[in-house]
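Student: coords please:
(one chain, ligands or ions: 1)
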Amino acid sequence: MRHRSDTNPRRALALGAAILAAPVGAAEVPDPRIDCAFPGGNAIVESIENDTVILKQDRRDTEGWWFYWYFRVQGAAGRTLNFKFTDGAPVGVRGPAISLDEGLSWEWLGKERSTTNAFSYAFGEDARSVRFSFGMPYTETNLGAFLKRFSGNPALKVETLCQSRKGRPVEFLRLGCIDGAPQARVFITCRHHCCEMMASYAVEGIAESVLADDDAGRWFREHVAFGIVPFVDKDGVEDGDQGKNRRPHDHNRDYGNNGIYAETRAIRALLPRWSGGHLCITLDLHCPSIRGGENEHIYQVGKEPPDQWARQQDFGKILEDVRQGPLPYKASGDLPFGQKWNTAKNYAAGTSFCQWAHTVPGVWLATSFELPYANASGFEVTARTARYFGHDIARALRRYLEQIPNTARVITTGENPTGSIQAH
Ligand SMILES: [Zn+2]
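Tutor: Below is the predicted model:
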């Protein structure tokens, strides 16, 4: 199995550091065992002394600093340990996320017991294995658990986009109106930057809405075909890489003519074929940076072409209007092109998915969202609330598709506009 982490020399080094720091018989209380030998794992343990663990995130091939880490502690039941990071301030605004069930579910520790580069944790008397991470990791295991809920559902097909560089199958989900003649298509990508896991829960929420046994679900399944690439950087997700600013460039700067990643090359081949020049919306989901400013509210990343920005604003106003979930969103918080980090300089390393997608025939709106890791305008981002945000996006997609002018259908489909989508 190529993705076994014990074949990864960097991770083996990290594990070695943990073992070296735990001399047998050096103390009456044995040192806890710390490792990251599981999908998504990432940490380098520098030392363990008494109740203090000194560690850092493993940046690997990242250009510059980034903040993803994910490790497991065993053998610490009943103790309180202090964790101190030596590379910057990689603890988020609600502290670390903690899982007591090997990564299936997570909750934030809270900022009371954490700083920007340290936290302490009191292990329960029966805490055999506790996982800690910057966010709430979401890997192939989580996707598998989600898809299992819908196994046998005729409105969902799990296909393979391509093989990753390391030979892993990269999933392509088709759902909604997959056998009929859809009147619109929605193509969703996530994890162009593999560490941005909270966005994956929003993707689950969108898929839940499309497959739901309710009026909206039935409407989607009658009118709209969805194609979803849940892990664009599949190897990065499973290996626990940062992925953002990966050298020589990351997956979301790989949509020029000489793409270097298997997944982006496959998407460039697939999307024009899959949408066939028909009306299509593309949605690329991300998480922002770690803290402060726009990193703590949900926003769309404004596109440079004025017509795209106008459509993003239309979509944003609808989302603001139809939102029912707990995570706030305001169209006025969207980031126009030319402001803050969203400038031409930011795309000097290469073409992004959105920049490429809006040139594909039939694509009416190519937008991207930034969903914060932990704090959205004062509200807690969790797996659950991020899914609700996905439900909100689905609600907005329906309203938006119902309102797209018939002229768009003429331009993008070449068909008689009487086939426009109407609310039921
Ligand atoms: Zn991103």
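
Student: host element of the residue nearest to Y201 when sequence neighbours are not counted?
Tutor: Nearest non-adjacent residue to Y201, counting by C-beta to C-beta, 6 or more residues apart in numbering: A386, 3.6 Å away. Backbone N, C-alpha and C define where each C-beta goes, glycine included. Assigned by DSSP states H and E, A386 belongs to helix 383-403.

Student: cool, L365 as well?
Tutor: strand 363-370.

Student: What is the subsequent helix or strand relative to that strand?
Tutor: Next in line after strand 363-370, if elements are assigned by DSSP H and E, sits strand 375-376.

Student: residues making contact with that following strand?
Tutor: Outside strand 375-376, the residues that touch it by C-beta atoms under 8 Å, 6 or more residues apart in numbering are V93, R94, E296, H297, I298, L327, P328, Y329, V381, T385.

Student: Okay, helices next: where are they in the stretch 1-150 of the chain?
Tutor: Per DSSP state H, counting those that start in this stretch, the stretch 1-150 of the chain carries helices over the ranges 9-20, 140-148.

Student: what do you get for the stretch 151-300 of the chain?
Tutor: Going by DSSP H, counting those that start in this stretch, the stretch 151-300 of the chain shows helices at 198-211, 215-223, 234-239, 262-275.

Student: quick one, what contacts the closest residue to G205 other than its chain neighbours?
Tutor: Of all residues not flanking G205 in the chain, G390 sits nearest, at 1.9 Å (C-beta to C-beta, 6+ apart). Taking C-beta under 8 Å, 6+ apart, we find G390 in contact with Y201, A202, V203, E204, G205, I206, A207, E208, S209.

Student: Name the member of the residues you listed with the most neighbours.
Tutor: Within these, most neighbours by other C-beta atoms under 10 Å means A202, with 31 neighbours.

Student: how close does that one get to the ion?
Tutor: 13 Å (C-beta to the ion, to the nearest Å).

Student: Over to S368?
Tutor: Taking C-beta to the ion as the measure, S368 falls 8 Å from the ion.

Student: contacting residues for that residue?
Tutor: So S368 contacts L283, D284, L285, H286, Q300, V301, S352, F353, C354 (C-beta under 8 Å, 6+ apart).

Student: One more pass at 10 Å, please.
Tutor: 189, 192, 199, 252, 282-286, 299-303, 312, 352-354, 357 (C-beta atoms under 10 Å, 6 or more residues apart in numbering).

Student: Give the closest residue to L143 in space, chain neighbours not counted.
Tutor: Counting by C-beta to C-beta, 6+ apart, the residue nearest L143 is P230, at 5.6 Å.

Student: nope, V363 is what I meant
Tutor: C280 (4.9 Å).

Student: which residues sit in contact with that neighbour?
Tutor: By C-beta under 10 Å, 6+ apart, the neighbours of C280 are 182, 184-187, 225, 227, 271-272, 274, 357, 360-366, 412-413.

Student: That one and V186, how far apart?
Tutor: Look at C280 and V186: by C-beta to C-beta, to the nearest Å, they are 7 Å apart.

Student: what does the chain put close to the ion?
Tutor: H193, E196, H286 (C-beta under 5 Å from the ion).

Student: between these, which is nearest G176?
Tutor: Closest approach between the residues of the chain next to the ion and G176, by C-beta to C-beta: H286, at 22.8 Å.

Student: residues in contact with the closest one?
Tutor: H286 is in contact with 189-193, 196, 198-199, 244, 252, 301, 353, 368-371, counting by C-beta under 10 Å, 6+ apart.

Student: what's near enough to touch V91?
Tutor: Here V91 is in contact with 67, 69, 83-85, 109, 111, 114-119, 132, 134, 290-291 (C-beta under 10 Å, 6+ apart).

Student: Show me where the stretch 1-150 of the chain dips below the pLDDT cut-off.
Tutor: 1-28 (pLDDT under 70).

Student: related to what we said a few turns ago, now the residue nearest to V363: how far from the ion?
Tutor: Taken as C-beta to the ion, the span from C280 to the ion is 22 Å.

Student: Could you do P405 as well?
Tutor: P405 is 31 Å from the ion, where distance means C-beta to the ion.

Student: Roughly how far does that residue sit from Y329?
Tutor: Distance from P405 to Y329, counting by C-beta to C-beta: 24 Å.

Student: more crowded one of the two?
Tutor: Neighbour count, other C-beta under 10 Å: between P405 and Y329, Y329 has more, with 23 against 11.

Student: OK, now which residue of the stretch 251-400 of the chain is nearest to the ion?
Tutor: Of all residues in the stretch 251-400 of the chain, the one sitting closest to the ion is H286 (3.3 Å; C-beta to the ion).

Student: Run through the residues that contact G64.
Tutor: Residues near G64 by C-beta under 10 Å, 6+ apart: Q242, K244, N245, R247.

Student: Just the buried residues of those.
Tutor: Q242, K244, N245 (16 or more other C-beta atoms under 10 Å).

Student: Count the neighbours of the residue nearest to the last one when sequence neighbours are not counted for me.
Tutor: Closest residue to N245 apart from its sequence neighbours, by C-beta to C-beta, 6+ apart: E63 at 4.5 Å. Per other C-beta under 10 Å, the neighbour tally for E63 reads 15.

Student: Quick check: E63 touching G243?
Tutor: No: at 11.5 Å, E63 does not count as touching G243 under the criterion of C-beta atoms under 10 Å.
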